[in-house]
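K.L.:
Structural data only, the sequence is not supplied:
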């Protein structure tokens, strides 16, 4: 039952993140000179990349937790 709740919570969080990042306005047309600061471009123009990076970080963290849990249980 706890695993099912975790899966449902994970799907809800992922859905919320997708909605938040994909509801941003479309990026402006590419111009010859970049006038926006890097921070604005990163957070406003690349939401799918950020979601992918978050998923990779969370996957790594959960993997470490699983590996350490097995080590603790065997001792």
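P.N.:
Received it, and whenever you're ready, just let me know what you need. What you are looking at is a predicted structure, and each value in this text was computed from that prediction instead of being measured.

K.L.:
got any ranges where this protein has weak pLDDT?
P.N.:
1, 24-34, 70-75 (pLDDT under 70).

K.L.:
Where do the helices of it begin and end?
P.N.:
When secondary structure is read from DSSP state H, the chain shows helices at 2-22, 38-45, 47-74.

K.L.:
Make TSV from the ones you listed and add mean neighbour count to it.
P.N.:
(C-beta placed from N, C-alpha, C; glycine too.) Written out in TSV, the entries for the helices of the chain read as follows (neighbours: other Cβ atoms under 10 Å):
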stretch	mean neighbour count
helix 2-22	11
helix 38-45	11
helix 47-74	11
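
K.L.:
burial count for residue 36?
P.N.:
13 (other Cβ atoms under 10 Å).

K.L.:
quick one: it from residue 45, how far?
P.N.:
Taking Cβ to Cβ, to the nearest Å as the measure, residue 36 falls 8 Å from residue 45.

K.L.:
what's the spacing between residue 68 and residue 61?
P.N.:
Distance, residue 68 to residue 61, using Cβ to Cβ: 11 Å.

K.L.:
What of residue 21?
P.N.:
Here residue 21 is placed at a distance of 20 Å from residue 61 (Cβ to Cβ).
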